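Engineer: Build the 3D model from these lines:
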Amino acid sequence: MNALQPWHLIILVLVVVLLFGAKRLPDAARSIGKSMKIFRAETRDMRESGQTSSTTATEPDTRQLPESTAAQATNMSTEEKVEQLQRQLDELKRQQAAQQQEQKNVS
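Structural biologist: Alright, predicted model coming up:
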């Protein structure tokens, strides 16, 4: 009695066509298909990497900073690092303010 009847599907299709329009439905279906394809590929990659990572879980992460950055980091004191980061932050703020000013001038 409560099962999905054929006329239920017909009404559902008509409502979807009325809401979205017949021209946009193929594009929507295409984008959903592409999304599903990407999702499947990513889950497959995760499964494969999960199998390989379980065999290499005992190996440590060997990625390192570039030599110059690592040398600078060890040679700098904490105060020097804070000062350098503050200078970088100030420079970024100046650049952002200049960009906002340019956008106001263009408008």
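Engineer: How about the secondary structure of residue 42?
Structural biologist: Recorded secondary structure, residue 42: helix (DSSP: H, G, I helix; E, B strand; the rest coil).
Engineer: And residue 60, what's its pLDDT?
Structural biologist: According to the per-residue confidence, residue 60 scores 55 in pLDDT.
Engineer: Let me see the domain layout of the protein.
Structural biologist: Residue ranges for the domains of the chain, per automatic domain parsing: 1-54, 76-107.
Engineer: now the ones you listed in TSV, with mean neighbour count and mean pLDDT?
Structural biologist: (Glycine included, C-beta is placed from N, CA and C.) Converted to TSV, these look like this (neighbours: other CB atoms under 10 Å; pLDDT from 0 to 100):
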stretch	mean neighbour count	mean pLDDT
domain 1-54	10	86
domain 76-107	10	85
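Engineer: could you check the distance from residue 89 over to residue 21?
Structural biologist: Distance of residue 89 to residue 21, given as CB to CB, to the nearest Å: 49 Å.
Engineer: Which parts of this structure are helices?
Structural biologist: 6-20, 24-55, 67-75, 78-106 (DSSP state H).
Engineer: How about residues contacting stretch 33-45?
Structural biologist: Here stretch 33-45 makes contact (CB atoms under 8 Å, 6 or more residues apart in numbering) with no residue beyond itself.
Engineer: starting at the chain centroid, how far to it?
Structural biologist: Here stretch 33-45 is found 15 Å from its chain centre; the criterion is CA atoms, centre = their mean, to the nearest Å.
Engineer: same thing with stretch 83-98?
Structural biologist: Worked out by CA atoms, centre = their mean, stretch 83-98 lies 26 Å from the chain centre.
Engineer: just stretch 26-41 next, same as before
Structural biologist: 17 Å.
Engineer: CA atoms only: put that stretch into PDB for me.
Structural biologist: C-alpha atoms of stretch 26-41 as PDB (Å, rounded to 0.1, in the frame of the first residue of the first chain):
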ATOM      1  CA  PRO A  26      21.300  17.300 -18.500                       C
ATOM      2  CA  ASP A  27      24.000  19.700 -17.200                       C
ATOM      3  CA  ALA A  28      23.100  18.700 -13.600                       C
ATOM      4  CA  ALA A  29      23.200  15.000 -14.400                       C
ATOM      5  CA  ARG A  30      26.600  15.400 -16.100                       C
ATOM      6  CA  SER A  31      28.100  17.300 -13.200                       C
ATOM      7  CA  ILE A  32      26.700  14.700 -10.700                       C
ATOM      8  CA  GLY A  33      28.300  11.900 -12.900                       C
ATOM      9  CA  LYS A  34      31.600  13.700 -12.900                       C
ATOM     10  CA  SER A  35      31.400  14.200  -9.100                       C
ATOM     11  CA  MET A  36      30.700  10.500  -8.600                       C
ATOM     12  CA  LYS A  37      33.600   9.500 -10.800                       C
ATOM     13  CA  ILE A  38      36.000  11.700  -8.800                       C
ATOM     14  CA  PHE A  39      34.600  10.400  -5.600                       C
ATOM     15  CA  ARG A  40      35.100   6.800  -6.600                       C
ATOM     16  CA  ALA A  41      38.700   7.500  -7.800                       C
END
